[in-house]
Each structure stands twice: as structure tokens, then as C-alpha cells.
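Engineer: Okay, predicted coordinates and the sequence, questions at the end:
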Amino acid sequence: MGILHAVSASLLDRDGLRERIGVELAAFLAERAAELAEISADLGSVATTIRDFVLDGGKRLRPAFGYWGWRGAGGTATSDAAVVRAVAALELVHAGALIHDDVMDGSATRRGAASVHERFADLHRSSAWTGAPAGFGRAAAILLGDLTLVWADEMLASARLSIESVGRARPAYDAMRTEVMAGQYLDVLAQAQPSVTASQALRVARYKSAKYTVERPLHLGGLLHGCSTALLDCYSAYGVPVGEAFQLRDDLLGVYGDPGVTGKPAGDDLREGKRTALIALALEHGSNSEVAVVQRLLGDPLLDDAGVATLRAAIDDSGAPARVEALITERLDRGVVALAGGQVEPVAAAVLAGLAEMSATRHA
């Protein structure tokens, strides 16, 4: 394990948080599996797939931001059991979004394993059912994503918290869900348009990822404790730029990441034609020949390794990766400065500063 990964693990495991979130998720999903089994034995594959998808991977980053948002508002480790269950619901929101995202992108893998729609397409084939396996897989994945989002609401409501605390936090939770769906649509729209500016791509990053990864989980945790408006403002000033840095790093990993670490095939974002800030900056600042290469090869689903290498070289030569790195650094610095200037409990502030660094510099 590298130094960065060791630091990341220690932050996410602080106070046993990652393991405790996993325990809460496993218990909750076991209860839901029993409910599905009462409806029909045919739903066993649904329960098993959601359980495996949620429990077999993921950093639990969004629940971590939710938890430390609560601690930053004055929550203590001696009274956090119900809060851990509440913020674990954020992992189900994330799972639902990923399942749907893979359908929209046509991604065959997620976290080094088959994506949900591919698993159900394989189930269709192995069962020799009638109809198209791919269509069945997509339909099943849409339904599983929806079910996971429904269960997220149920998990939040089932946490042993007062009606008043959940009522305070609910608007932030609802806003988060609206924002991520809006961001997803803006992302789909960007792929359909002939050109997207860097500012448009950054707006997609803000709503598709940044706000629901960092800012809104912090708000949820803070409001569960009953934090001040000033602390919410601090969490926004920290969370939005740090969340954008997270997504910008994700954009780089989608093009340059090691498949053995990211769990996604090399060049998948290029084959899918994702109009990220990286691509927008390459088109805005590249030479005529570099722009021509990007326009010709981006979005070709049959792009081979040589084509990926050619496209990467054009993006490199445009200077776009260095510009994205500069954007990441600027946002990370801005977020950390805002955090230091707020009234965040010291232990939580230190963890949040570390999580910001991890989010912006991770390798997966």
C-alpha cells in the first residue's frame, strides 16, 4: 500500500467509521433482502446484486463527509451510533447514481467487476430467456438504481434520531438529490452538444459530483446536530471547491488512470466521449492539429489502444492536463483556507483538511 493510500485509509477508518458504516449497510440490506424474499424468490438476484455492489467496494467518502460534518458541529464519538446509520444512507444514494450512470454511459465495468446492467444481461443469457439480454440488463439496472435510492430514504428515516433533527437535515438531503439528478442531465446534454466550454463542464462537475460528494453531506451532518448558518456557509466555502477538485481529479483518472487501480478500462471516458473540463480545455487551447485529433477520435466506441494513445498525446500537447492540475490546486487551497477560517471543531477540521487532500490527489 502506497503512502497516499495508507493516509486515505487511516482518515476514512478514523474512529472505525468505515467499518461501522459497512456494518450498518450490511444489516439494513439484509432486512431489505428478507422483504424481497417474501414477495418472490425471483427477487433474490436483485437483493444479492445490490448487496454485493454496495458492500464489495467504495471508499464511503460521502458518509465520511456527513459524519465529520456532524462532528464539526459539536457531535461526539460517544453518541454517534444513530448518526452513523443516518449518514450510511448516503452510500445508497451514491450506489443508485453509479448504477444509473453506468447504464447511461454504457460502461461494462465498475470497481473492477461487471456493471449491474452487464450482470443482468449475463443472467439473461445464462438462463436462456427470450428477448434481448442487453435490453433486459438495462431495464433491470434502472429498477435496481431506483430501488437503491428508495432504500436510501428508508435508511435515513430509520436512524434512531429525533424527528426534529431529521426535519432540520431533510432539506439539505432533498436538495442534494435534486442537484445530482440535474447534474446528470447536464452531463447527458453536454455529450449531445457539438461543443462544451470549460465553464459549462465545470458547472456539470459542480452539480453532478462536487455538491453531492462533499458540500451536501457536510450540510446533512451539520444540520443533524443543529449547526449555525455560519457553519453551513463555511461547509459550502470548503465543500464546493473541494468537491470540484475531486471531480477534476476523476476526469484525469478517466483518461490517465491505471485500470488496475481505478477498476475501469483505460480510455473508457474517451470512448464514451465525455465532455469534461479536461476535454473542453484541450479544445479551447490546443493547436489546430491537436483539436482535429480530439474531434476525430473522441467518442469513438471502437477506439483501440493505439487510438487511445494518439488521443491522449493530443490532449497532453494541448496543455489541458496541466491546466486541470492548476484548477485542482486552486480549489483545494481555497477550500482548506475556508475551512481554517470557520468555527469547525478542531478534531473534525483536521480530518476534513486531510480528506480534502485525499480527494484531490487520489489515484482511484
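Structural biologist: Noted; the coordinates are in hand. The structure displayed is predicted, hence computed values, not measured ones.

Engineer: elements contacting whichever helix in the chain runs longest?
Structural biologist: The residue-count maximum for a helix in the chain (DSSP state H) belongs to helix 163-192. In this structure, helix 163-192 packs against helix 81-105, helix 133-158, helix 198-205, helix 216-225, with contacts taken as 3 or more CB pairs under 8 Å, 6 or more residues apart in numbering; DSSP states H and E. Bear in mind the C-beta positions are built from the backbone N, C-alpha and C, glycine included.

Engineer: next one: it to chain centre, how far?
Structural biologist: Between the mean C-alpha point of helix 163-192 and the mean C-alpha point of its chain there is a distance of 13 Å (CA atoms, centre = their mean, to the nearest Å).

Engineer: can you check stretch 267-274 too?
Structural biologist: That offset, for stretch 267-274, works out to 18 Å (CA atoms, centre = their mean).

Engineer: who touches it?
Structural biologist: Contacts made with stretch 267-274 from outside it, assessed by CB atoms under 8 Å, 6 or more residues apart in numbering, are listed as 105-107, 187, 191, 251, 254-255, 276, 297-303, 305, 308, 311-312.

Engineer: now the longest helix of the chain against helix 216-225, angle please.
Structural biologist: 170 degrees (axes from the mean of the first three to the mean of the last three CA atoms, to 10 degrees).

Engineer: so what's the closest residue to residue 188 other than its chain neighbours scoring on pLDDT?
Structural biologist: The spatial neighbour of residue 188 that comes closest, neighbours along the chain excluded (CB to CB, 6 or more residues apart in numbering), is residue 104 at 6.3 Å. Reported pLDDT at residue 104 in the predicted model: 93.

Engineer: My guess is residue 104 contacts residue 185. True?
Structural biologist: No - using CB atoms under 8 Å, residue 104 makes no contact with residue 185, being 10.0 Å away.

Engineer: what about the chain, any weak spots by pLDDT?
Structural biologist: Residues of the chain meeting the criterion pLDDT under 70: 1-9.

Engineer: quick one: the strands in it?
Structural biologist: Under the criterion DSSP state E, strands of the chain are mapped to 109-110, 113-114.

Engineer: Please identify which of those strands is closest to residue 220.
Structural biologist: Across those, residue 220 has its closest neighbour in strand 109-110 (24.8 Å, CB to CB).

Engineer: how far is the closest one from where the chain is centred?
Structural biologist: The chain centre lies 14 Å from the centre of strand 109-110; the measure is CA atoms, centre = their mean.

Engineer: partners of that strand in the sheet?
Structural biologist: Strand 109-110 has the following strand partners under DSSP bridges: strand 113-114 (antiparallel).

Engineer: ok, residues contacting the strand it pairs with?
Structural biologist: Looking at strand 113-114 with CB under 8 Å, 6+ apart, the contacting residues turn out to be 56, 57, 108, 122, 263.

Engineer: Count the neighbours of the closest residue in space to the fourth one that isn't next to it in sequence for me.
Structural biologist: Spatial nearest neighbour of residue 122, chain neighbours left out: residue 114 (6.9 Å); criterion: CB to CB, 6+ apart. The burial metric for residue 114, expressed as a neighbour count using other CB atoms under 10 Å, is 17.

Engineer: For residue 114, give its distance to residue 159.
Structural biologist: Per CB to CB, to the nearest Å, residue 114 is found 32 Å from residue 159.

Engineer: One more: residue 282?
Structural biologist: In this structure, residue 282 and residue 159 are 45 Å apart, going by CB to CB.

Engineer: Show me which of those two is the more surrounded one.
Structural biologist: Each of residue 282 and residue 159 had its neighbours counted (other CB under 10 Å), and the higher figure belongs to residue 282 (28 against 19).

Engineer: my read: the more buried one touches residue 311, true?
Structural biologist: No - with contact taken as CB under 8 Å, residue 282 and residue 311 are classed as non-touching, separated by 9.5 Å.

Engineer: Torsion angles phi and psi at the residue nearest to residue 102 when sequence neighbours are not counted?
Structural biologist: Leaving out its chain neighbours, the residue that sits closest to residue 102 by CB to CB, 6+ apart is residue 115, at 4.1 Å. Residue 115 has phi and psi values of phi -70, psi 160 when expressed as degrees, to the nearest 10.

Engineer: show me what contacts residue 115?
Structural biologist: 99, 102, 103, 107, 108, 109, 141.

Engineer: I'd say the fifth one and residue 265 touch.
Structural biologist: This points to residue 108. Yes - with the criterion set as CB under 8 Å, residue 108 and residue 265 qualify as a contacting pair; they are 7.5 Å apart.

Engineer: Which neighbours do those two have in common?
Structural biologist: Residues within reach of residue 108 and of residue 265 at once, by CB under 8 Å, 6+ apart: there are none.
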